[in-house]
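Chemist: Here is my input, please return the structure:
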Amino acid sequence: MQDHSRKSKINLPRESAASIFGPGDVNLRHICRTLGVKAVYRNGVLNLSGNGPSVDMAIAVVARLEHEIKASGSLSDHSIDAALNFPEKNDIALELSVPGPAGRIIPKTAGQENYLRAIKNSELVFCIGPAGTGKTFLAVASAVAALSDGVVDRIIISRPAVEAGERLGFLPGDLQQKIDPYLKPVYDALDDTLSPARVRRSLDSRIIEVAPLAYMRGRTLNNAFVILDEAQNTTITQLKMFLTRLGYSSRAVITGDITQIDLQPPSSSGLVAIRRILAGIDGIEFTYLDQNDVVRHPLVQSIISAFERSEDGETHR
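Modeler: Numbering: from 1, shown residues only. Below you'll find the predicted structure:
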């Protein structure tokens, strides 16, 4: 019987090795267990052994993690699993440099690469996918990078004020206090990519505007990077209104999750209908993310998959 086992060595600086391996080598053990390889680290060299394709995969995973450390300065909680799911060498042209704490942002999955490539190449991009796939964060990061590079003069981010059973009139406070909870994910993404202090200054000077969808009516948005988040909760009339606001030298990203529609009935969601209406138009691109693109806690992937299986079962009854 032919032996397909192989040994390989990777030069890995101690600082990078400490970050990749994790406390007590917990990350390294997880990589080895997942890929079925053995690893020994001595004197700045990582020795790998096992089945040839598995060793190749381990080399790619370590290389991707080392690149993320060089690009971002550290690894996040989900970096290891993301690299195991998507160990391919990343496209440097798709990396985003932002002035905030996030620093340099690299796509962590194949779906995220496709999403960022679409934003780079198309003026109007729709991104549809479940929670935790980075739809909002990558859209905001792309907008901040475009603003920092002088590609656009301002950022405009909007959301429909419709959420799981609550309505604005029942929330305490003035109008701004009522709408802020709906826009919190957007502010979080801005703080990560631009820093809280710069966000406040940009909001005061209206270089960045964050507002409910209703505030977009009647406007023409020139020289802007425009984002519509949670678009599954817009009607087709609202979505048409938003899309026709786009002016010269502007680009737009529309994100949403068609499995979390809060409109009644759910069939009134404009995001569901728009895919058929705008299909095949040059300059418009639809991208799709799924549970394989989730970059939150690993359990989120399992939860999404379980719901999808449940919904498929209901459909076939």
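Chemist: going forward, measure contacts and count neighbours with C-alpha atoms only.
Modeler: Noted.
Chemist: Doesn't Phe126 lie inside a strand?
Modeler: Yes. Assignment of Phe126 by DSSP: H, G, I helix; E, B strand; the rest coil places it within a strand.
Chemist: That one bridge partners, please.
Modeler: The residues listed as beta-bridge partners of Phe126 by DSSP bridges are Ile254, Phe286.
Chemist: and the residue positioned nearest the centre of the chain, what is it in contact with?
Modeler: The centroid of the chain falls nearest to Gly134 when counting by C-alpha atoms, centre = their mean (1.9 Å). Under the criterion of C-alpha atoms under 8 Å, 6 or more residues apart in numbering, the neighbours of Gly134 are 112, 294-295.
Chemist: How about Ala146: what's its closest non-neighbour residue?
Modeler: Val152 (6.0 Å; C-alpha to C-alpha, 6 or more residues apart in numbering).
Chemist: Look at that neighbour and say how many residues are nearby.
Modeler: Counted by other C-alpha atoms under 10 Å, the residues lying close to Val152 total 20.
Chemist: Just to check, it is in contact with Tyr248?
Modeler: No. Counting by C-alpha atoms under 8 Å, Val152 stays clear of Tyr248, with 10.5 Å between them.
Chemist: overlap in contacts of the two?
Modeler: Between them, Val152 and Tyr248 share these contacting residues under C-alpha under 8 Å, 6+ apart: Asn223.
Chemist: where exactly do the helices run in the chain?
Modeler: 14-21, 26-35, 52-72, 79-85, 110-121, 135-148, 175-194, 196-204, 236-243, 270-277, 298-315 (DSSP state H).
Chemist: one step back: retrieve the pLDDT associated with the residue nearest to the centre of the chain.
Modeler: With respect to pLDDT, Gly134 scores 92.
Chemist: for it, phi and psi?
Modeler: phi 90, psi 20 (degrees, to the nearest 10).
Chemist: State the pLDDT value of Val210.
Modeler: 89.
Chemist: Report the separation between it and Asp25.
Modeler: In this view, Val210 and Asp25 are 43 Å apart by C-alpha to C-alpha, to the nearest Å.
Chemist: Those two: which is more packed in?
Modeler: Between Val210 and Asp25, counting by other C-alpha under 10 Å, Val210 is the more crowded of the two (19 against 13).
Chemist: Not counting sequence-adjacent ones, nearest residue to that one?
Modeler: Counting by C-alpha to C-alpha, 6+ apart, the residue nearest Val210 is Ile157, at 4.8 Å.
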